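Enquirer: give me a model of this one.
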Amino acid sequence: MYAIVDSYGHHRVTLFTFQFATSFQDLFRFHKSFMNPNPKARMDMAAFLEHATQKRSYFDNDFVSVSLFLEQIAIKDVNEKEQFLRKIDTSIASFPAAFCKYKILPELIKALEFGGAGARALTPILKLGSKLDQEEFDALVVPIIIKLFASPDRSIRISLCENLGHFIEHLGNKVVTDKIFPNLATGFHDTSAIIREHTLKSVLLIITKLSDKIINNDLLRYLAKLQQDEEPGIRTNTTICLGKISKYLNDTTKKRVLLVAFLRSLNDPFPPSRNAGLLALAATAEYYDAQDVATKIVPALAALTLDTEKTIRVQAFKNIELFVKRLEKFSQMMPDTAAPPPSATKSDPQSGTPPPTSTSGGGEGWAGWALSAVSNKLTAGLMNEATTPPATSNGVPDGLNGTGAAGGGGLKDISASGATSGVVMAASVLTLGGNAPKGDDGWGNNDGWDEEIPFDDNDWAPPTKPKANILSSKRSSFGATGSAPAAPAPSTSN
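Expert: Purely as a prediction, here's the structure:
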């Protein structure tokens, strides 16, 4: 009896509401039964709902089906939940805001926590959460986000990273630093490459919420490991990520990290990684001083001008042009000379020290000075040896009694010949001394560019390069191959 009354009342309300709507025509075939004068011949509401929700019926739409499914989501199987969540993700934008906030969102949160809805439920939850005000978001969504970041389920963690842009602006800095990042950071060293890649990409979204201590210490240690990852795509994305977050690093960290990281990427066997290093160097050119540009960056870029990939060669020439222009600006700002002012080099009237004089020509002056300095030392040694000539048969040194081969001019001839041979020997010594040890061409090229740069977890320390001591190598060459020949013995007379 009550069902009959309800069906008649439903008919009157529907007729009043939709009397001018054309959509009422779809319901009219059911309402014919409601208007039957015989109450027993009227259709009850249960039968009405069963017929009206069938395919291509009036209530066969997303709004009604979502409402009915949410009421029974806890008892649905996995496949049905999967289909429902995929459907609601695409149609949620067409629902009224109040219905989404007070009906769909609470039911999905409960299903995610207790009903086994899985990672797919997270996407519509986060989309709906972005429409809430801050107080509602903190009360409804933040607790579940913190709980899900601590979940070991990889599908949930991937979904969180993919949808981070929908809710990161609603999270406070303290929540991100203390509760979100520690759990997110576990993805940097996950055994799954997909997790590592998604975690790396999330850095660009979360960087503005992190503290300076985390950015300049913990985060860079994780990125240091990823730059040596076995996956070439992750190494490339790490270099790109470093270039984009460089503006958030402090000045000390920029000098300590960026150049070492980008120069390492230039030696990567994966061409996109090398290209990423070139682009990152160009984007961060303002952070490097003239010394680093001249001694580290330009030499490394020059090697890439002969790269096997054309795109790398083209970008390398562009970078060289950029950094050479910066060197020109640095050079123009430098003083003309580092020599002391003229007043400091004038002769001192009290001490009587004359001012230094230069020899003919700039280049010949310093070369001639170096040659004469060596020859003077050799000549002095020969003269000391010549001042004690061997004794003759009568006990008088040859060259002093006028009986030598040169007559009375014996000592004079020895000194002249010794000075001449000293200059020749000095030139010979300089020539032989230019032979550098094996592995170094004498210009310090054995500087470790092609060596593996050590890179530990503690910092981004610059590579340790062996210092080529040219002076010591030349000294060893002097002793090995450049020793001067013995002076000719003075002639003796019988």
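Enquirer: which residues sit against stretch 112-123?
Expert: Stretch 112-123 is contacted by residues 73-74, 78, 81-82, 85-86, 89, 108, 111, 125, 144, 147-148, 153, 155-156, 158-160, 162-163 when judged by CB atoms under 8 Å, 6 or more residues apart in numbering. All C-beta spots, glycine's among them, are computed from the backbone N, C-alpha and C.
Enquirer: quick one: mean pLDDT for it?
Expert: When pLDDT is averaged along stretch 112-123, the result is 76.
Enquirer: which positions in it come out as buried?
Expert: The neighbour-count check on stretch 112-123 (16 or more other CB atoms under 10 Å) flags 112, 115, 117, 118, 119, 120, 121, 122, 123 as buried.
Enquirer: what does stretch 97-110 give?
Expert: Within stretch 97-110, judged by 16+ other CB under 10 Å, the buried ones are 100, 101, 103, 104, 105, 107, 108, 109.
Enquirer: same check on stretch 56-66?
Expert: Across stretch 56-66, burial judged by 16+ other CB under 10 Å covers 58, 59, 65, 66.
Enquirer: repeat that for stretch 223-230.
Expert: Residues of stretch 223-230 classed as buried: 223, 224, 226, 227, 229 (neighbour count, 16+ other CB under 10 Å).
Enquirer: so residue 59 sits in a helix?
Expert: No: with DSSP: H, G, I helix; E, B strand; the rest coil as the criterion, residue 59 is assigned coil and is not in a helix.
Enquirer: surely it is in contact with residue 50?
Expert: No: with contact defined as CB atoms under 8 Å, residue 59 does not reach residue 50; the gap is 10.2 Å.
Enquirer: just the buried ones from the contacts of stretch 112-123?
Expert: Buried among the contacts of stretch 112-123 by 16+ other CB under 10 Å: 73, 81, 85, 108, 111, 125, 144, 148, 156, 158-160, 162-163.
Enquirer: which residues sit against the host helix or strand of residue 196?
Expert: In this assignment (DSSP states H and E), residue 196 forms part of helix 193-206. If you take CB under 8 Å, 6+ apart as the criterion, helix 193-206 is touched by 154, 157-158, 161-162, 164-165, 168, 176, 180-181, 184-185, 187-190, 219, 223, 226, 229, 231, 233-234, 237-238, 241, 244-245.
Enquirer: apply 7 Å and report the result again.
Expert: Helix 193-206 is contacted from outside by 154, 157-158, 161-162, 164-165, 168, 176, 181, 184, 187-188, 190, 219, 226, 229, 231, 233-234, 237-238, 241, 244-245, using CB atoms under 7 Å, 6 or more residues apart in numbering.
Enquirer: for that helix, output the C-alpha coordinates as PDB.
Expert: Extracted in PDB, the C-alpha atoms of helix 193-206 (Å, rounded to 0.1, in the frame of the first residue of the first chain):
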ATOM      1  CA  ALA A 193      64.200   2.700 -12.500                       C
ATOM      2  CA  ILE A 194      60.600   4.000 -13.000                       C
ATOM      3  CA  ILE A 195      60.400   5.000  -9.300                       C
ATOM      4  CA  ARG A 196      63.800   6.700  -9.500                       C
ATOM      5  CA  GLU A 197      62.800   8.700 -12.600                       C
ATOM      6  CA  HIS A 198      59.500   9.800 -11.200                       C
ATOM      7  CA  THR A 199      61.100  10.800  -7.900                       C
ATOM      8  CA  LEU A 200      63.700  12.800  -9.800                       C
ATOM      9  CA  LYS A 201      61.100  14.700 -11.900                       C
ATOM     10  CA  SER A 202      59.100  15.500  -8.700                       C
ATOM     11  CA  VAL A 203      62.100  17.500  -7.400                       C
ATOM     12  CA  LEU A 204      61.300  20.400  -9.700                       C
ATOM     13  CA  LEU A 205      57.800  20.600  -8.200                       C
ATOM     14  CA  ILE A 206      58.800  20.200  -4.500                       C
END
